[in-house]
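Colleague: Output the structure for:
(one chain, ligands or ions: 1)
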Amino acid sequence: MLDDMIDYVANIRERPVWQPIPDDVRARFHAELPRQASDLGDVYREFTDFIVPYATGNVHPGFMGWVHGGGTAVGMLAEMLAAGLNANLGGRDHIPIEVERQVVEWTRQMFGFPSEASGIFVTGTSMANLMAVLVARTTALGQLVRQCGVEGAALTAYTSKAAHGCITKAMDIAGFGSDALRCIEVDRYHRIDVAAEGLWFHVDGAFGALGILSPVLAPRLAGLESADSIALDFHKWGQVPYDAGFLMVRDGERHRDTFSSPAAYLRRETRGLSAGSPWPCDLGPDLSRGFRALKTWFTLKTFGTERLGAIITRTCALAGYLESRVLAERRLELLAPVQLNIVCFRYRAADSNRVNGEIVMDIQESGIAAPSTTLLDGELAIRAAIVNHRTEARDIDALIAAVLEFGARRSSSEDGPVPELEQSPPLAM
Ligand SMILES: Cc1ncc(COP(=O)(O)O)c(C=O)c1O
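Modeller: Got it, this is the predicted structure:
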C-alpha cells in the first residue's frame, strides 16, 4: 500500500486531474453494512479500483480550483505514523501534545505574536474563524456569556464584501445572526477598504497568511503581527495533507476563557497522565483530537520554512505567467488584477457567463486541468488558484490551451456534449 501510494504521488501526471464518477462506481458506495469480515487485500483492491481514480485531484499539478493544497509524500508518511500512534490530543500528558505545542510556538514566531499567545490545530479555517468569533464574543461580553447566551447582546462584526462564506456562517452559528455582519466595500484589488478601530482584529488567513514565509510577499502582509487572532490552513500553501487548520489567539487567556470547561472526568493533576494543563481541549470545542501536528511538524522540519516560502513565491510567479499568457491572447480577458496566486479571467464570447461556465466543466471533465469559477461583479470568471508545489509552466500552458480549445467549441456549438480532448500529453498551443 505504501509503495503504491508513493508511486501514485510520483506518477500523478499520468492520470487525469479529475474524472466524473460512473454510476456503477457510485452505486458501490450504497452497499449494505458489512456484517462479516472481508479479506484486507480485497478491501484494498476496492480502494485502488474504485476510490483512487475518482479522488478530488488536488495532488495533480493541473488542479487549480478553489484553494486546495497539494500535500507531500512526507506529510503522507507522517499521517501513517500518527495513525499508528493513534494519539488523542484532547489532553493529558504525552509527547504528541508537546509536538503540537512546538508547532504552535513555531507559528507564533512566524507571525511575531507575543509569548502569551496560544494556538491550536482544528479541521480548517471555517472552524478557526468560528472559534475566533467566539473568542471575540467572550472578550466583548465577558465569560458570563457562556452561561447566559448572547440574548439581547448587540454586537456587530465587520468584514470585506469579498469575505469567505464561512464568516457569515460563523456569525450565524455563534448566535449573532448573519445580519450582524457588516460587509465593507472592497477596492479595485478586492481588498477591504477600512481603517478598523476598537474592533477585535481577526485575520482570515486561510491560505494567505502563510505568505509570511515568502520574502517577496511578507512585506505585503505587514500588520498581521498586530492581529488579535489569525486563522490559517497548513493544508493549503503549507502543503501539509488535509486537514491541518489552525487558530492562533494573541491573548491566550482570552482563548482559554472561551473554551475551557471543568469536568470531573477531566480532572487535572500535577503529575501522572493527567498533568500538563491547560490541555488542547481548553482551547476549542473538540475533546477527541487527532495528531494533525505531526504531519505539520514533519513538513516544517523536512522542508524548512525557506523552501516552503520559495514554493509560495513560485506559485505567485506562475500566476504572473498565467496573467501574461491571458494578456497576450486576444481571445481571453483578465477580470481582476493578479495580486498573489489567483488569476480570474474569461474567454471572450457572447453569452459569456454561460460559455465560461461550460468551458470550466468541459476542462474538469477532460481531466486536463481543474480550474473553478467565481463571480466578479456579476461576470463569471474562470478562476485558477496556483497552490500546488507540483504545478509548472507547462500546466499553465495546458490550461490556456484547453480554455482556447473548449472556448472555440463552446462559442461555435449549441449546448450539448463536446467531443473529448486528448488527455496526455497536455495540449500544445
Ligand atoms: C479566505 C478563506 N477563508 C476560509 C476558507 C475556509 O477554509 P477551510 O476550507 O479550511 O475550512 C477558505 C478556503 O479556501 C478561504 O480561502
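Colleague: pLDDT averaged over stretch 214-230, what's the number?
Modeller: Averaging pLDDT along stretch 214-230 yields 96.
Colleague: Check which residues of that stretch are buried.
Modeller: Ser214, Leu217, Leu221, Leu224, Ala227, Asp228, Ser229, Ile230 (16 or more other CB atoms under 10 Å). Where C-beta positions appear, they are placed from N, C-alpha and C, glycine not excepted.
Colleague: Tell me the one of those residues nearest the ligand?
Modeller: Ile230 (11.6 Å; CB to the nearest ligand atom).
Colleague: Sheet-wise, list the partners of the host helix or strand of the closest one with their directions.
Modeller: Per DSSP states H and E, Ile230 falls inside strand 229-233. Partners of strand 229-233 in the sheet, by DSSP bridges, are strand 202-205 (parallel), strand 245-249 (antiparallel).
Colleague: Where does the prediction get shaky in this structure?
Modeller: For the chain, residues meeting the criterion pLDDT under 70 lie at 194-196, 198, 413-429.
Colleague: Could you list the residues in contact with the strand holding Ile230?
Modeller: For strand 229-233, contacts defined as CB atoms under 8 Å, 6 or more residues apart in numbering pick out 69, 111, 124-125, 128-129, 131-132, 135-136, 200-207, 209-210, 224, 243-250.
Colleague: The residue of the stretch 301-429 of the chain found nearest the ligand: neighbour count?
Modeller: For the stretch 301-429 of the chain and the ligand, the shortest gap (CB to the nearest ligand atom) falls at Ala385, measuring 8.5 Å. Neighbourhood size, Ala385 [other CB atoms under 10 Å]: 23.
Colleague: Chain neighbours aside, what residue packs nearest to the residue of the stretch 51-200 of the chain found nearest the ligand?
Modeller: In the stretch 51-200 of the chain, the residue that lies nearest the ligand is Gly124 (2.4 Å; CB to the nearest ligand atom). In this structure, Gly124 finds its nearest non-sequential neighbour in Gly245, 3.8 Å apart by CB to CB, 6 or more residues apart in numbering.
Colleague: The one you found: neighbouring residues, count only.
Modeller: Per other CB under 10 Å, the neighbour tally for Gly245 reads 24.
Colleague: Distance check, it against Ser288.
Modeller: Distance, Gly245 to Ser288, by CB to CB, to the nearest Å: 16 Å.
Colleague: residue contacts, Thr48?
Modeller: Counted by CB under 8 Å, 6+ apart, Thr48 has contacts Asp4.
Colleague: Make sure it is indeed in a strand.
Modeller: No: in this structure, Thr48 is helix, not part of a strand, as judged by DSSP: H, G, I helix; E, B strand; the rest coil.
Colleague: Determine the number of other residues adjacent to Met110.
Modeller: Here the count is done by other CB under 10 Å, and Met110 has 20 residues near it.
Colleague: for this protein, what spans make up the helices?
Modeller: 2-10, 23-28, 40-46, 73-85, 95-111, 125-141, 145-148, 165-173, 252-259, 292-327, 352-366, 393-412 (DSSP state H).
Colleague: related to what we said a few turns ago, reformat the strands paired with strand 229-233 as CSV; add distance to the ligand.
Modeller: Putting the strands paired with strand 229-233 into CSV (distance: least, CB to the nearest ligand atom, whole Å) gives the following:
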stretch, distance to the ligand
strand 202-205, 5
strand 245-249, 5
